[in-house]
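In: sequence-free structure coming up:
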């Protein structure tokens, strides 16, 4: 494991065998464990998703953020079949590899759907969930999601994707951010893997549906967080989930898209930290 700093915060990066998958992850802080799960966009990773939040949360918690299999620097087994079950089992294996019995989950988009599945699988192991721009009941194929899946690698395509569908304020999309996400999207077969998990019939990456009955059965305390102008997962999905989850709160950020953790980083981090610390 190596150590470094992000925004003055000591941040460790390393790898661990999680169910036979050599898994790359970030870690900072001490205390009750909080697992941060990224989304599924091209070029995504734990660092890209959570770099503005890990430091703040690590002041009160032990934060671990893995690259979920198929994304980031985590090794991709040749025989892997991508599905919600595969991703969820990988996160369970990651917890087990760290001997973590119970944890809170902060999930962005796909990560939020994984959190819901974890709360269904073993509710006694999930203390709280934060579901940020997460798929749920009423999810439809939005223009933003279609653009994500249709991405063809180039600097211009990445710039257009981020500016048009992720952030309300396009000035947030700097040349450096575009370059980082573009390079990650084409590194070591990443694009081919991304296309396969959502379009190859051998995989089931797009099968993320959940029924009203399944949601009503999840009693884990949940904080739903959504950007009002989200073009990838519409805010109405979280509104619907609020009416179904037995123990949920909802916070909506105005003038904000699918990247609440980046567009409103400080407010998001404070909101999540206060929620997770609440008895």
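Out: Here it is on my side, so go on. Computed from a predicted model, the values in this text were never measured in an experiment.
In: Identify each buried residue in the lengthiest strand in the chain, please.
Out: Taking DSSP state E as the criterion, the chain has its longest strand at strand 9-18. By neighbour count on 16 or more other Cβ atoms under 10 Å, the buried set for strand 9-18 is 9, 11, 13, 15-16, 18. Where C-beta positions appear, they are placed from N, C-alpha and C, glycine not excepted.
In: Name the strands paired with the very next helix or strand once past that strand and say parallel or antiparallel.
Out: Counting by DSSP states H and E, the element after strand 9-18 in chain order, helix or strand, is strand 21-28. Strand 21-28 has the following strand partners under DSSP bridges: strand 9-18 (antiparallel), strand 62-66 (antiparallel).
In: Return the distance of the shortest one from the chain's centre.
Out: For strand 62-66, the distance between its averaged C-alpha position and the chain's averaged C-alpha position is 12 Å (Cα atoms, centre = their mean, to the nearest Å).
In: Then the longest one?
Out: Mean-position distance between strand 9-18 and its chain equals 17 Å (Cα atoms, centre = their mean).
In: pLDDT on that strand, on average?
Out: What strand 9-18 shows for mean pLDDT is 92.
In: same thing with stretch 165-184?
Out: Mean pLDDT, computed over stretch 165-184, is 90.
In: Return the distance of it from the chain's centre.
Out: Here stretch 165-184 is found 17 Å from its chain centre; the criterion is Cα atoms, centre = their mean.
In: got it, and stretch 161-179?
Out: Using Cα atoms, centre = their mean, the offset of stretch 161-179 from its chain centre is 18 Å.
In: That one: which residues count as buried?
Out: For stretch 161-179, the buried set under the neighbour-count rule, 16+ other Cβ under 10 Å, comprises 161-162, 165-168, 173, 177-178.
In: Tabulate the buried residues of strand 9-18 in CSV, adding columns for distance to residue 157.
Out: Formatted as CSV, these follow (distance: Cβ to Cβ, whole Å):
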residue, distance to residue 157
9, 32
11, 30
13, 28
15, 30
16, 34
18, 32
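In: and which of the residues you listed is nearest residue 59?
Out: Set against residue 59, the nearest of those by Cβ to Cβ is residue 9 (8.3 Å).
In: I figured that closest one hits residue 57, correct?
Out: No. Using Cβ atoms under 8 Å, residue 9 is not in contact with residue 57, being 9.7 Å away.
In: export the strands paired with strand 21-28 to a markdown table and tack on distance to residue 203?
Out: Output for the strands paired with strand 21-28, formatted as a markdown table (distance: least, Cβ to Cβ, whole Å):
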| stretch | distance to residue 203 |
| --- | --- |
| strand 9-18 | 19 |
| strand 62-66 | 20 |
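In: and of the ones you listed, who's closest to residue 74?
Out: Closest among these, using Cβ to Cβ: strand 62-66, at 7.0 Å.
In: Can you tell me what sits against the closest one?
Out: 18, 23-38, 46-47, 49-50, 54, 57, 74, 90-91, 94, 98, 100 (Cβ atoms under 8 Å, 6 or more residues apart in numbering).
In: 7 Å instead, please
Out: 23, 25-36, 46, 50, 54, 57, 94, 98 (Cβ atoms under 7 Å, 6 or more residues apart in numbering).
In: which of the residues you listed count as buried?
Out: 23, 25-29, 32-36, 46, 50, 54, 57, 94, 98.
In: can you pull out the helices in the chain?
Out: 46-50, 54-58, 84-97, 110-121, 143-149, 155-165, 175-186, 190-199, 212-216, 235-244, 260-263, 265-277 (DSSP state H).
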